[in-house]
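> please work out how this folds:
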Amino acid sequence: QVQLVESGGGLVQPGGSLRLSCAASGSIFSIATMGWYRQAPEKERDVVAIIIWSTGSTYYADSVKGRFTISRDKAKNTVYLQMNRLRPEDTAVYYCNARLKQSLGNHFDDYWGQGTQVTVSS
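Residues are numbered from 1 along each chain as shown. You can find the predicted model right below:
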């Protein structure tokens, strides 16, 4: 089994910063990508940022470019999301995603964390 454990959410004022962490553990053979998605009330889950595990290449949603930074620690199978200059519209539940395979012969599957609430409000 694979577990993704997130931490770092909370309440912050507009303009503030938060750092999310997500550690993957369990039976992991290879990671293709890890990333962050978010879902606001009554909205669909949308991608925020993704990092390619082998190269470190990154993708960001337009709404967070220049404010959020995704990074990884390969030795710890952990991905981070540094969120700066937060806005009320960033309020959502943030979910960690990992696309990985558990053995050489398997295909890649998606795994999700339990979600962490980020609230930006004065």
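
> which element, helix or strand, includes the spatially most central residue of the chain?
For the chain, the residue sitting closest to the mean C-alpha position, by Cα atoms, centre = their mean, is W36 at 2.5 Å. Per DSSP states H and E, W36 falls inside strand 30-39.

> now the element after that strand, going C-ward?
Using DSSP H and E, the helix or strand that directly follows strand 30-39 along the chain is strand 46-52.

> report the buried residues of that next one.
V48, A49, I50, I51, I52 (16 or more other Cβ atoms under 10 Å). From N, CA and C alone the C-beta is placed, and that goes for glycine too.

> list the buried ones in stretch 89-108?
90-102.

> ditto for stretch 14-25
In stretch 14-25, counting by 16+ other Cβ under 10 Å, buried: L18, L20, S21, C22, A23, A24.

> the second one: which element?
Counting by DSSP H and E, the secondary-structure element that holds L20 is strand 18-26.

> ditto for T69
T69 belongs to strand 68-73 when elements are defined using DSSP H and E.

> could you check how far the residue of the chain positioned farthest from its centre is from F29?
In the chain, the greatest distance from the average C-alpha position (Cα atoms, centre = their mean) is reached by G105, at 26.4 Å. Taking Cβ to Cβ, to the nearest Å as the measure, G105 falls 9 Å from F29.

> noted, bye for now.
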